[in-house]
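K.L.:
Show me how the following folds:
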Amino acid sequence: MAMYDRLLLDVIVQYKYWSVFLLGSTMSPPVVQYVVPKEPTILAGRESVDLPGYDLWLHFVDNVHAFDGSIDIEHFHDALASTLQMYPHAAGKLCTTGGRWFIQLINSGLAVEAEDRKEELSTSFIQGDWVIQDDLSPLLSQPPPDAIIVNGSASLVRFKITAFKDRTFLAVSWHHTLGDAVALFRFMQTLSLFYQRVKPDFSPPTFDKHQYRTPEPSTSSDFLQLLPHLWVSYPFDELEAKYTEACEDLGNLRWRFHDHHLNALHSMLSADEEGYLSRHDCLTAYVVTLLNRSMPRPIRMVTNVANFRRVEAHYIAGNVAGNVIQNIPTGTLPFNMRGIAIAVRESIVRCRDQMFLEDWMAVTSDIMLATANAGKYFFFASRPGVMTINSNVAIDWCDAHFGFPDSSSFFTTGISKFYFRPFKSNPTLCDGTWRSRKGSIDVSMGVPRVLKAKLVDRLALDFETILYRSPRDTEL
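P.N.:
The predicted structure is shown next:
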């Protein structure tokens, strides 16, 4: 029997047959197959992967990849089995007992759902080529209504492949305890390479997590003021209503900054060449001033979700399959654009100091563990006068292209008030040819609906003036 036949569970789950009238067509019932890791996995002999407090981000991340071609389902299953051999924690179960959290390594089968909708166009579900979409739920694999994540049998990763007339979509729902955006990207990149029959040439992940010391009470007191995102928590069953209330009357402000816009902005703020400013610092400063020119209560603080894998310290493993992130606040911001950019850069530099970062993570881990053990989770609502940034610009999600490098596109969802999310832009289809938007960034932010039109008008004016709009923008 072939290796693939031994590893793919011989179970095909047919959903109850159902038909939905949509755009004049009848959809075929989806089919689910289960894929287990190839053995031995790189964690063979281990029973579990411990989860320190800083790994306890207890929610799913939903992403969708799209291609102008078909995905071979059986070949995808084989590639997934090989990927799970390198990432066996993804085939585990999330458990807690006696205050300890861990992923039990049981090599369970992960569901891969396949749906044939080749009589329909994907444009019924996707809004243009914007990275941040309003709703991707029809493309996602939905968990069973009785699924229990903690100490239950629910999977930590789900997949769904949907074939439309024009494109194929691969959706992944990834539990955040498995790792941050970098860990997920490496997982998807590995899966893409195995699907293309290419062996990854980067180091396999490590699952050894650093256990920070329990902080002294004085250290916790000193650092708590720097961790506003951990101030408010609620029982799990109350969070959905809280987020629904917080997102009422919000609109999704989308805009695209091309390479020459970002260069113009960076040149404008770095003219005297005193000190380093990244293009991202400058973009952040511009967006803060855009908001401050448009509403009576200004943004006076920025919090920046940042990855610190590149910091050289004994407690950091750059290839760890885990969460290596911190939420960095600035102090009170000045009102001028350059001053804001400098404040953002200085806050990042300060928080990357080895000793400072170690204390920071010790306090963060301690709070997150205590909160999870109390059966609560954090409520990341907007605070007055604060803008939060969660940037994925450093990640080229389209690089997980499964053999379709030109048309590979990436989509995700999620907005909240003044939650600023920049991503690399997707390619665009022009006259039947895919064109890269190299250097361009899609930005998205939840803003009050009454404010959205004013912000759009100011953006348009700025693009005509200080950011030097190019005639090509209308094409892209």
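
K.L.:
For the rest of this, base every contact and every neighbour count on C-alpha atoms.
P.N.:
Will do.

K.L.:
and the helix or strand containing residue 453, how far from the chain's centre?
P.N.:
Element membership of residue 453, judged by DSSP states H and E, is helix 449-464. The chain centre lies 27 Å from the centre of helix 449-464; the measure is Cα atoms, centre = their mean, to the nearest Å.

K.L.:
List the buried residues in it.
P.N.:
By 16 or more other Cα atoms under 10 Å, the buried positions in helix 449-464 come out as 452, 454, 455, 459, 463.

K.L.:
Which residue lies closest in space to the third one, excluding its sequence neighbours?
P.N.:
The spatial neighbour of residue 455 that comes closest, neighbours along the chain excluded (Cα to Cα, 6 or more residues apart in numbering), is residue 294 at 6.7 Å.

K.L.:
Distance check, the one you found against residue 116.
P.N.:
46 Å (Cα to Cα, to the nearest Å).

K.L.:
Which of these two has more residues huddled nearby?
P.N.:
Set side by side, residue 294 and residue 116 show more neighbours around residue 116, with 17 against 14, by other Cα atoms under 10 Å.

K.L.:
isn't the more buried one right up against residue 30?
P.N.:
Yes. Here residue 116 lies in contact with residue 30, judged by Cα atoms under 8 Å, at a distance of 7.2 Å.

K.L.:
just the helices in the stretch 201-350 of the chain please.
P.N.:
Remark: helices assigned in the stretch 201-350 of the chain by DSSP state H, counting those that start in this stretch are 217-224, 236-246, 259-269, 279-292, 337-351.

K.L.:
for the last one, packing partners?
P.N.:
Helix 337-351 sits against helix 279-292, strand 325-329, with contacts defined as 3 or more Cα pairs under 8 Å, 6 or more residues apart in numbering; DSSP states H and E.

K.L.:
Show residues contacting it.
P.N.:
With Cα atoms under 8 Å, 6 or more residues apart in numbering as the contact definition, helix 337-351 has outside contacts at 269, 276-278, 281-282, 284-286, 289, 302, 328-331, 333-334, 356-357.

K.L.:
And it, what's buried?
P.N.:
Quick answer for helix 337-351 (16+ other Cα under 10 Å): 337, 338, 340, 341, 342, 343, 344, 345, 347, 348, 351.

K.L.:
what would those residues look like in TSV with pLDDT?
P.N.:
Putting the buried residues of helix 337-351 into TSV (pLDDT from 0 to 100) gives the following:
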residue	pLDDT
337	95
338	94
340	97
341	96
342	95
343	97
344	97
345	96
347	96
348	95
351	94
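
K.L.:
Tell me the one of those nearest residue 74?
P.N.:
Of all those, residue 74 sits closest to residue 348, with 45.2 Å by Cα to Cα.

K.L.:
measure the closest one to residue 87 for me?
P.N.:
Taking Cα to Cα, one finds residue 348 at 31 Å from residue 87.

K.L.:
cool, and residue 404?
P.N.:
Plainly put, residue 404 is 24 Å away from residue 87 if you go by Cα to Cα.

K.L.:
Compare neighbour counts for these two and give me the winner.
P.N.:
Taking other Cα under 10 Å, residue 404 and residue 87 do not tie; residue 87 has more neighbours (24 against 18).

K.L.:
excluding its backbone neighbours, what's nearest residue 236?
P.N.:
Closest to residue 236 by Cα to Cα, 6+ apart is residue 376, at 5.7 Å.

K.L.:
check contacts around that neighbour.
P.N.:
Residue 376 makes contacts with 233, 234, 235, 236, as judged by Cα under 8 Å, 6+ apart.

K.L.:
Kindly reformat those residues as JSON lines and extend each row with distance to residue 143, pLDDT and neighbour count.
P.N.:
Shown next, in JSON lines, are the contacts of residue 376 (distance: Cα to Cα, whole Å; pLDDT from 0 to 100; neighbours: other Cα atoms under 10 Å):
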{"residue": "233", "distance to residue 143": "24", "pLDDT": "93", "neighbour count": "17"}
{"residue": "234", "distance to residue 143": "23", "pLDDT": "94", "neighbour count": "15"}
{"residue": "235", "distance to residue 143": "21", "pLDDT": "93", "neighbour count": "14"}
{"residue": "236", "distance to residue 143": "17", "pLDDT": "87", "neighbour count": "14"}
